[in-house]
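Asks: Let me see the structure of the following:
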Amino acid sequence: MSDGSIGDHAGRGRGRTGRPPLTDERRAAFRQEIARAAVELFVAQGVAATTGEQIARAVGVSSRTLWRYFPNKESCVSPLFAAGIDAIGAALRAWPEDGSLEDALEGPTSGEGLTPLPQMPRVRALLRLTRTEPGLRAVWLQAHDEAEPVFARALADRAGLATVDLRSHIQAAMLNAALRVAVEHYAWRTEETESTPEKARAEVTATVRSALGVAARGIS
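Replies: Modelled structure (predicted):
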């Protein structure tokens, strides 16, 4: 077991003297590693039966190190839930005037952004747990709460606005809700064994595109 330093995780068996601090990129990668370990444990044995110590052990660090990155065990999955927000924001800013919203977000919502394809079955299983695990549900909703201002700013930028106006806020809220509901609809109705990775990518893309189409048409 590590003594709790991320340096030990990054280079086990070496001394700590003179080691440069972790870059932002490495910290983000480490958070993703923790998230994947937490997902595996939550899905395999349930949230209640999983401890922070088990998650830390799975990535080769101490629980003290784990709690430097996350306030509780449920929040360990937040990097997976939050994945794709920046990509979607960038896609919104690059959305051409004559293009559809569905086409603009094809890449970020095709399985490479919202639900990384290698982890899609586990993320799908994790999302099913959010129906019965309040702690996980809170983390999932928090990810979308944090996404909404990002989307609003991107939509305002696309419209050439210096500040985010009411229209941008409403559009962002509609988009955010459409993405959340689409992913939940897909995850909650699809068993892990039903799809190959390729079929899963196509299914989640189709579901998201359908939801985005509804959001783009607005309320009538």
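Asks: For the one helix or strand Q171 maps to, buried residues please.
Replies: Using DSSP states H and E, the element containing Q171 is helix 166-189. For helix 166-189, a neighbour-count test (16 or more other C-beta atoms under 10 Å) marks 168-169, 171-172, 174-176, 178-180, 182-184, 186-187 as buried. Where you see a C-beta, it was placed from the backbone N, CA and C, and this is true even at glycine.
Asks: Give the rounded mean pLDDT of the helix or strand that comes right after that helix.
Replies: Remark: after helix 166-189, the chain's next helix or strand is helix 197-217, criterion DSSP H and E. Computed over helix 197-217, the mean pLDDT rounds to 83.
Asks: Helix 197-217: which residues count as buried?
Replies: Going by neighbour count (16+ other C-beta under 10 Å), the buried part of helix 197-217 is A200, R201, E203, V204, T205, T207, V208, R209, A211, L212, A215.
Asks: Using a markdown table, lay out those residues together with distance to A83.
Replies: Supplementary listing: those in a markdown table, determined by distance: C-beta to C-beta, whole Å:
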| residue | distance to A83 |
| --- | --- |
| A200 | 16 |
| R201 | 15 |
| E203 | 18 |
| V204 | 13 |
| T205 | 16 |
| T207 | 17 |
| V208 | 14 |
| R209 | 19 |
| A211 | 18 |
| L212 | 18 |
| A215 | 20 |
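Asks: Show me the two of those residues that sit farthest apart.
Replies: Greatest spacing in those, by C-beta to C-beta: A200 and A215 (22.5 Å).
Asks: Mind splitting the protein into its structural domains?
Replies: Domain assignment for the chain, taken from automatic domain parsing, gives 6-76, 83-217.
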